[in-house]
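Asker: Here is a sequence together with a model predicted from it:
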Amino acid sequence: MAAASPTLFSPAATPTPRLTDSLGRVIHDLRVSITDRCNYKCIYCRTGEIGPQYPELSIEEYLRLIKLFVDLGIEKVRLTGGEPLLRRGLLDLVRELARLRTPAGEPLDLALTTNGHLLNGLAAPLKNAGLRRATVSMDAVDAPTFERITRVPGSFQAVLTGIRAARTAGLAPLKINCVLLRGFNDSQIEAFAQFARQEAVVVRFIEFMPLEEDRLWSPEMVVPLTEIVARVGRVLPLVELPPRELSETARRYTFSDGVGEIGIIAPVSQAFCGACSRVRLTSDGKIRTCLFSQVEHDLYGRFRAGASDAELGAYIVRTVQGKEARHHIGEPGFLKPSRSMVHIGG
Ligand code: SAM
């Protein structure tokens, strides 16, 4: 009789759950919008006339729903909005999320995306509550341009102070996301590269996507990866860094002296849908399997109707199976998604 394979009896033979879609992509990254409200009216994102559109759940409800995903194999949770720092109960939510364990017994990779306006007062409490890292959105490094974008006087200084507080608190790596629009803030590219070095932050440039409340987007407004690399490289020679994981969205670069890092996220000119590992939960508890989904899946509705955890888990598994293969930005017949970025959770 042939000897039994040792793996049959080793602990490694117990598979940890993996949430996968019909294309075999492993989904391990959940983004949760915890409020639809925002204190900025960034002109490329919001009209300035439309306020919050969707309700919020209680902190306990977010926790229950997020736990369902974690039990299915989600390893990374990013809280976003709207503006998540506006949300009452945020510290309690972070504290509870920090206690969760993945099926493999690991703590979550717990992150937050914020405009940074309230970060000065909240960075240390968030870190103490168990937040690991933060991404701050910042679309200009000079105050007048920044405040023209956010439409909030004093916002530049508030965000800069917030970034420094987050660094001091040890929210690391600290990433700064900058959405570039041609003719509008692309003059900031080279200054942002210097900013990354001076402030010891990772600056990531993001191509503008058709996700705004208004109708601004055109292919000509997108500043593509190749152009950003060429422009930064003329001032400070760049060295490309190897990807850390397959689903990494950013192409990463350091400078030739090894000081500082920038990244470029190019969903338009170099789409990375084939390696997408994400799913989203909106502030009102709908699952979105793609930023550009035309349909949403009402997890919260089922929860409110009394579905059991097993039934909700099965619903998540089925929903993720149907994740879209890719987006169709720039193609004829492209349809804008049913919600804009601020109402989805970026
Ligand atoms: N209020 C938080 C913040 O400012 O980071 C979280 C929500 S905000 C919608 C998340 C991110 O989406 C921000 O970095 C913002 O710049 C980005 N964003 C908004 N509209 C976008 C668009 N049309 N294309 C690409 N990124 C966009």
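Answerer: Yep, that arrived.

Asker: tell me the contacts of Glu134?
Answerer: I think there's a mix-up here, since residue 134 is Ala and not Glu. Neighbouring residues of Ala134 by C-beta atoms under 8 Å, 6 or more residues apart in numbering: Ala111, Leu112, Thr113, Thr114, Leu119, Ala123, Leu126, Ala166, Leu171, Leu174, Lys175. In this view, the C-beta of every residue, glycine as well, is placed from N, C-alpha and C.

Asker: What does it show for phi and psi?
Answerer: Note on Ala134: backbone dihedrals following degrees, to the nearest 10 are phi -140, psi 150.

Asker: Find the nearest non-adjacent residue to the closest residue to the ligand within the stretch 201-346 of the chain, please.
Answerer: Closest residue of the stretch 201-346 of the chain to the ligand, C-beta to the nearest ligand atom: Gly346 (2.6 Å). Among residues not flanking Gly346 along the chain, Thr80 sits closest, at 5.8 Å (C-beta to C-beta, 6 or more residues apart in numbering).

Asker: residues near that neighbour, how many?
Answerer: Residues lying near Thr80 (other C-beta atoms under 10 Å) number 24.

Asker: re the thing from before, please give me every residue in contact with the residue of the stretch 201-346 of the chain closest to the ligand.
Answerer: Gly346 makes contact with Arg31, Thr80, Thr113, Ser137, Leu211, according to C-beta under 8 Å, 6+ apart.

Asker: any idea which of the contacts of Ala134 is closest to the ligand?
Answerer: Thr113 (4.3 Å).

Asker: partners of the closest one in the sheet?
Answerer: Thr135 (DSSP bridges).

Asker: Quickly note the distance from it to Thr254.
Answerer: 23 Å (C-beta to C-beta, to the nearest Å).

Asker: which of these two has more neighbours?
Answerer: Thr113 (21 against 18).

Asker: per-residue pLDDT, the more buried one?
Answerer: With respect to pLDDT, Thr113 scores 98.

Asker: quick one: it and Ala310, what's the gap?
Answerer: 31 Å.

Asker: can you pull the contacts of Ile262?
Answerer: By C-beta under 8 Å, 6+ apart, the neighbours of Ile262 are Phe192, Ala193, Ala196, Val202, Val203, Arg204, Phe205, Val232, Leu238, Arg252, Tyr253.

Asker: Look up the closest residue to the last one, ignoring the ones flanking it.
Answerer: Closest residue in space to Tyr253, ignoring its immediate chain neighbours: Leu238 at 4.3 Å, by C-beta to C-beta, 6+ apart.

Asker: beta partners of that neighbour?
Answerer: For Leu238, the beta-bridge partners are Phe255 (DSSP bridges).

Asker: Surely it touches Val232?
Answerer: Yes: if you go by C-beta atoms under 8 Å, Leu238 and Val232 touch, sitting 5.9 Å apart.
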